[in-house]
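Colleague: Using only what follows, build the 3D model:
(2 chains)
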Amino acid sequence: KAGVTQTPRYLIKTRGQQVTLSCSPISGHRSVSWYQQTPGQGLQFLFEYFSETQRNKGNFPGRFSGRQFSNSRSEMNVSTLELGDSALYLCASRLRLAEYNEQFFGPGTRLTVL
Amino acid sequence: QQQVKQSPQSLIVQKGGISIINCAYENTAFDYFPWYQQFPGKGPALLIAIRPDVSEKKEGRFTISFNKSAKQFSLHIMDSQPGDSATYFCAASRKSGGGADGLTFGKGTHLIIQP
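Modeller: Numbering: from 1, shown residues only, chains lettered A, B, ... in the order given. Below you'll find the model as predicted:
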């Protein structure tokens, strides 16, 4: 079974631009979460989508948004990019909204903001 | 507020030795504690996880020890091998309506196993 896939793997943008990242979960998984990984802050939860609805959100500004499609694929959008948005953005999927958060991560999209 | 504190930041262990990484949490509502392993250029991979109703869980060379009263849990890697060299993250989550919240991660431990 294929794992979580993310595209693109690398992106370079300039301040003020916007960016869209894509994630395809493991086949059959209906929940998709997004995380930001930086050397300073570590891994931080952005949001989670299930059945096309955002059900959980971390402590990030409204410039960070996402959506999920009927096939469970998800996109994350960051508007008005700032230098501090440079990070590895990780997508994770899980089968269902179980009580315990057993998540499987993709390889990430490395975003560099110049 | 850092809800999960992980130590040490880096660790060097000789091949065949025991690697021990510790985590402490603050939120008593946390009820699921996974460990992830991350190699350079890869996403974190789920290694092993524990729930607070047990004090220890073992899978192969990897063991989680859990102390609910102290709000601490640790990862032990027995017979450490060079292939275990990676960054390890502890994490925690809690139940919420309809399922668990997002994972809260420790800052990570960079483990090097010397041959």
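Colleague: Would you mind putting the CA coordinates of whatever helix or strand residue B:93 lives in into PDB?
Modeller: Using DSSP states H and E, residue B:93 falls within strand B:86-96. The C-alpha trace of strand B:86-96 is given here as PDB (Å, rounded to 0.1, in the frame of the first residue of the first chain):
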ATOM      1  CA  ALA B  86      18.200   9.400  13.500                       C
ATOM      2  CA  THR B  87      16.200  12.100  15.300                       C
ATOM      3  CA  TYR B  88      13.600  10.800  17.700                       C
ATOM      4  CA  PHE B  89      10.500  12.700  18.700                       C
ATOM      5  CA  CYS B  90       8.100  11.900  21.600                       C
ATOM      6  CA  ALA B  91       4.600  13.200  21.200                       C
ATOM      7  CA  ALA B  92       1.300  13.300  23.100                       C
ATOM      8  CA  SER B  93      -2.400  13.800  22.300                       C
ATOM      9  CA  ARG B  94      -5.700  13.800  24.100                       C
ATOM     10  CA  LYS B  95      -9.200  12.800  23.300                       C
ATOM     11  CA  SER B  96     -11.600  15.400  22.100                       C
END
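Colleague: If the spatially most central residue of chain A is in a bridge, with which residues?
Modeller: The residue lying closest to the centre of chain A (Cα atoms, centre = their mean) is residue A:34, at 3.0 Å. Taking DSSP bridges as the rule, residue A:34 bridges to residue A:47, residue A:91.
Colleague: and it, what is it in contact with?
Modeller: A:23, A:45-48, A:66, A:74, A:76, A:89-92 (Cβ atoms under 8 Å, 6 or more residues apart in numbering or on different chains). C-beta here means a position set from N, CA and C on the backbone, and glycine is covered the same way.
Colleague: ok, now residue A:73?
Modeller: Residue A:73 neighbours (Cβ under 8 Å, 6+ apart): A:22-25, A:32.
Colleague: Just the buried ones among the residues you listed, please.
Modeller: A:23-25, A:32 (16 or more other Cβ atoms under 10 Å in any protein chain shown).
Colleague: So residue A:69 is in contact with residue A:52, correct?
Modeller: Yes: taking contacts as Cβ atoms under 8 Å, residue A:69 lies within contact range of residue A:52: 6.9 Å.
Colleague: Thanks a lot, see you next time.
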